[in-house]
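Participant: Mind looking at a prediction? Sequence and model below.
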Amino acid sequence: TACSSKYVLSQMHPMWQGPLAVPGGDRQSPIDIVVRKSVLDTELKPLLTKYDPQTCQQIWNNGYSFLVEYDDTTDKSTLKGGPLQDKFRLCQFHFHWGESNAWGSEHTLDRRLFPAELHLVHWNSDKYSLFEEAVMEENGLAVIGVFLKVGKRHEGLQKLVDALPAIRHKDSVVEFTRFDPACLLPTNTNDYWTYHGSLTTPPLTESVSWIVMKQHIEVSHDQLAVFRSLLFTSAEEEVQKSMVNNFRVQQPLCGRTVRSSFS
Ligand SMILES: CCCSc1c(F)c(F)c(S(=O)(=O)NC)c(F)c1F
Ligand SMILES: [Zn+2]
């Protein structure tokens with residue numbers, strides 16, 4: 001199986017220009033979370049987020065998703081608690097979504113797909129001094145995953161949605177300030193699943209403590225449609241490609257245990 005082979009090949013993906021071998025490859029993400037097989041861990045603590053909206057700097061299209069980037073030169077926006085032993089600094093958040101509301105998330109719950117998934121990416125500032133260092137280390141990153149469902153309009157998201165037309169093309173960037181990412185978290189942040197995995201885009205390094213929230217957030221159909229108006233391609237390219245289906249296929253669990261903070 002893919003777990004036993006020394007290398008696991010990510011699927012051929014237009015954005016990735018061919019297979020990418022990942023040494024080891026037995027802790028890849030995303031995965032299907034089989035709810036009834038997750039194991040309650042009473043040691044798991046509530047998540048402690050402390051986000052300063054003043055550290056929000058810019059929003060840009062990296063040709064794979066759009067990223068909202070934060071100043072991570074100080075410990076002003078941090079994540080602690082949960083399954084984590086150390087303090088982690090917020091460096092950016094981004095989303096993955098589909099061309100239709102029927103799919104788009106990276107993780108699934110009992111094979112259930114959601115139309116999109118938010119990732120808040122943090123790196124271990126107790127142990128490392130830069131994101132680039134932490135991304136290569138086993139305990140380097142912590143990513144909070146939040147499922148999105150289509151329903152009522154998300155008022156806090158609208159400021160971000162309104163900025164997207166300015167970054168339609170790959171490599172476009174605009175200033176984006178005073179955005180509090182806490183507004184994108186579900187009301188219940190005590191209930192989550194956690195497991196050890198990887199980035200879901202290159203370099204696919206197995207450096208992520210994943211924290212997948214049980215409660216989803218709701219966004220409107222129109223808000224999600226603006227995500228789909230983004231382009232993978234830069235302004236110069238003659239053929240423009242819609243930025244949709246920017247999710248990785250699910251990876252083998254390879255014997256890992258998914259722990260839950262709730263029963
Ligand atoms: C060198 C990475 C630049 S930051 C980044 C990113 F842009 C991204 F898309 C993902 S992801 O794997 O797609 N989602 C968890 C990450 F984890 C990241 F850290
Ligand atoms: Zn992601």
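Facilitator: Yep, it's here. Ligands and ions are numbered 1, 2, ... in the order given.
Participant: what does the stretch 51-200 of the chain put close to ligand 1?
Facilitator: Y64, S65, L67, Q92, H94, H119, V121, V135, V143, L199, T200 (Cβ under 6 Å from any ligand atom). In this view, the C-beta of every residue, glycine as well, is placed from N, C-alpha and C.
Participant: where exactly do the helices run in the chain?
Facilitator: Along the chain, counting by DSSP state H, helices occupy 131-134, 155-163, 221-227.
Participant: Dump these to TSV, plus distance to L113 and mean pLDDT.
Facilitator: Putting those into TSV (distance: least, Cβ to Cβ, whole Å; pLDDT from 0 to 100) gives the following:
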stretch	distance to L113	mean pLDDT
helix 131-134	29	97
helix 155-163	20	98
helix 221-227	14	98
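Participant: can I get these in CSV with mean neighbour count?
Facilitator: Formatted as CSV, the helices of the chain follow (neighbours: other Cβ atoms under 10 Å):
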stretch, mean neighbour count
helix 131-134, 16
helix 155-163, 16
helix 221-227, 17
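Participant: Adding distance to Q54, write those helices out as a markdown table.
Facilitator: What follows is the helices of the chain, written out as a markdown table (distance: least, Cβ to Cβ, whole Å):
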| stretch | distance to Q54 |
| --- | --- |
| helix 131-134 | 19 |
| helix 155-163 | 15 |
| helix 221-227 | 25 |
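Participant: Now for the residue in the stretch 51-200 of the chain positioned nearest to ligand 1, how many residues are close by?
Facilitator: Of all residues in the stretch 51-200 of the chain, L199 sits closest to ligand 1, at 3.4 Å by Cβ to the nearest ligand atom. L199 has 20 neighbouring residues, counting by other Cβ atoms under 10 Å.
Participant: Excluding chain neighbours, what is closest to it?
Facilitator: Once flanking residues are discounted, L199 sits nearest to T205: 5.7 Å by Cβ to Cβ, 6 or more residues apart in numbering.
Participant: how close does the one you found get to ligand 1?
Facilitator: Going from T205 to ligand 1 by Cβ to the nearest ligand atom, to the nearest Å gives 8 Å.
Participant: Show me the shaky parts of the stretch 101-250 of the chain.
Facilitator: Of all residues in the stretch 101-250 of the chain, none has pLDDT under 70.
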